[in-house]
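1. below are the sequence and a predicted model; questions follow.
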Amino acid sequence: MTLRDLQSYLIPILVLVSAVPLAMLAGATFAAGSVLLAIILFFHTRSLARDTQKIKGKTRWIDEQLCRAEQFSTVDELSAGIAHEINNPLGIIAQEIEWIQHVLKSDSLKDLKDLDDCKDSLREIAQQVDRCKEIVHKLLSLARETEPVIQCIDINNLIETMTDLVEREVSEKNIRIVRNLQPDLPGVYSDSPLLRQVILNLLVNASHAIGKDGIISITTVAEDGEVDIVVKDTGCGIPNENLDRIFTPFFSTKPQGKGTGLGLAICRGIIERLDGHISVTSDVGTSTAFTIHIPIQRRTQGEN
């Protein structure tokens with residue numbers, strides 16, 4: 001209990017202490033009334049203190065959300081600006097690479113020393129340009145606030161489609177996908193392409209976390225007016241100190257050059273645009289589970 005909490009109980013304590021001399025001066029009946037008043041004030045004050053703590057907790061949560069919204073707003077603006085600035089020179093570089101590759105195919109240069117090395121270098125440059133284009137595309141996706149197209153979606157059917165797509169790739173690494181889909185799952189009013197993008201990203205991330213020889217489970221369950229989609233892997237896990245950072249743009253636990261650090265940030269942005277939220281739990285060396293919480297009925301515009 002803090003000093004401020006003790007101060008809130010000061011009045012009932014003073015009333016209770018004053019009841020003793022009052023009993024001697026004004027009689028037991030008056031003192032009993034004072035004690036009763038002190039008890040009532042005590043419990044009322046305790047109730048007020050609890051309510052105050054709840055309000056403080058909600059206020060801190062709102063402040064955190066506002067700070068995060070402000071942070072993401074700044075990141076969105078910065079991302080859009082950087083993406084547009086980088087896009088043009090990347091296009092020019094790509095065109096010049098194509099031209100040089102075309103020139104190197106001419107008969108006049110077929111006897112040029114180190115010609116093959118030059119071609120290999122150009123291929124590497126072209127691959128890095130493509131990687132930069134991919135990053136720019138993700139930056140624009142992070143910054144772009146497209147309006148969702150809402151329709152009734154069969155979540156289980158959507159998941160079956162995406163898992164079938166990923167299953168072909170991960171089976172070569174001896175990774176098995178297990179489906180635990182609630183059979184009577186209600187339809188969800190949301191945006192199908194956006195949800196597909198998120199689920200695909202989580203499935204791919206899960207396969208990367210496992211590497212080879214493991215299991216990805218995907219579960220659906222409806223409760224409390226929402227549908228939860230849980231993507232769990234038997235991979236390397238995420239350290240506790242990184243759990244609060246993995247949705248931050250450009251933060252990545254993958255090796256240098258293997259990830260942009262934008263995928264999960266985009267996923268969270270999409271789910272929040274769909275009035276849902278995404279959470280994560282992890283045990284290092286054992287598993288990681290991402291849970292998408294999607295409301296069955298979206299809030300109407302202007303509803304809190």
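-> Okay, I see it. Numbering: from 1, shown residues only.

2. CA only for contacts and neighbour counts going forward, please
-> Will do.

3. and for residue 168, the neighbour number?
-> Counted with other CA atoms under 10 Å, residues neighbouring residue 168 total 11.

4. secondary structure class for it?
-> At residue 168 the chain is in helix, as set by DSSP: H, G, I helix; E, B strand; the rest coil.

5. who are the packing partners of the host helix or strand of residue 229?
-> Taking DSSP states H and E as the definition, residue 229 sits inside strand 226-233. Secondary-structure packing of strand 226-233 (3 or more CA pairs under 8 Å, 6 or more residues apart in numbering; DSSP states H and E): helix 192-210, strand 214-223, strand 287-295.

6. pLDDT (mean, whole number) over the second one?
-> Going back to what we said before, that points to strand 214-223. Regarding strand 214-223, the rounded mean pLDDT is 94.

7. out of the helices and strands packed on strand 226-233, nearest to residue 122?
-> Residue 122 lies closest, by CA to CA, to one member of those: helix 192-210, at 28.5 Å.

8. so for that closest one, what gets flagged as buried?
-> 192, 194-196, 198-203, 205-207, 209-210 (16 or more other CA atoms under 10 Å).

9. returning to that earlier point: make JSON lines from the helices and strands packed on strand 226-233 and add distance to residue 99 to it.
-> Formatted as JSON lines, those follow (distance: least, CA to CA, whole Å):
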{"stretch": "helix 192-210", "distance to residue 99": "35"}
{"stretch": "strand 214-223", "distance to residue 99": "45"}
{"stretch": "strand 287-295", "distance to residue 99": "45"}
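
10. where among the ones you listed is the average confidence lowest?
-> With a mean of 89, helix 192-210 has the lowest mean pLDDT of the helices and strands packed on strand 226-233.

11. what angle do that one and strand 226-233 make?
-> Angle, helix 192-210 to strand 226-233, by axes from the mean of the first three to the mean of the last three CA atoms, to 10 degrees: 30 degrees.

12. and helix 192-210, what does it pack against?
-> For helix 192-210, the elements it packs on are helix 155-170, strand 214-223, strand 226-233, helix 263-273, judged by 3+ CA pairs under 8 Å, 6+ apart.

13. now for the next helix or strand after the longest one, which elements pack on it?
-> Going back to what we said before, that points to helix 155-170. Using DSSP H and E, the helix or strand that follows helix 155-170 towards the C-terminus is strand 175-181. On a contact count with 3+ CA pairs under 8 Å, 6+ apart, strand 175-181 meets helix 155-170, strand 214-223.

14. quick one: contacts of the first one?
-> Outside helix 155-170, the residues that touch it by CA atoms under 8 Å, 6 or more residues apart in numbering are 176-177, 181-182, 185, 187-188, 192, 196, 199-200, 203-204, 207, 220.

15. recalculate using a threshold of 7 Å.
-> Contact with helix 155-170 is made by 177, 181, 187, 196, 200, 207, as judged by CA atoms under 7 Å, 6 or more residues apart in numbering.

16. count of neighbours near residue 109?
-> For residue 109, the count of nearby residues is 11 (other CA under 10 Å).

17. contacting residues around residue 226?
-> Counting by CA under 7 Å, 6+ apart, residue 226 touches 293, 294, 295, 296.

18. returning to what we had before: which one of the helices and strands packed on strand 175-181 is the most hemmed in?
-> Comparing the helices and strands packed on strand 175-181 by mean neighbour count (mean count of other CA atoms under 10 Å), strand 214-223 comes out on top with a mean of 18.

19. partners of that one, with directions?
-> strand 175-181 (parallel), strand 226-233 (antiparallel) (DSSP bridges).

20. which of those is buried the deepest?
-> strand 226-233 (a mean of 23).

21. now do that one against strand 287-295, angle only.
-> Put simply, strand 226-233 runs at 160 degrees to strand 287-295, going by the same axes, to 10 degrees.

22. how about the next helix or strand after strand 226-233: buried residues?
-> Heading C-terminal from strand 226-233, the first helix or strand you meet, by DSSP H and E, is helix 240-243. Residues of helix 240-243 classed as buried by neighbour count (16+ other CA under 10 Å): none.

23. average pLDDT across helix 240-243?
-> For helix 240-243, the mean pLDDT works out to 84.

24. and what of stretch 172-191?
-> 92.

25. got JSON lines for the helices and strands packed on strand 175-181, with distance to residue 236 too?
-> Below are these laid out as JSON lines (distance: least, CA to CA, whole Å):
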{"stretch": "helix 155-170", "distance to residue 236": "16"}
{"stretch": "strand 214-223", "distance to residue 236": "11"}
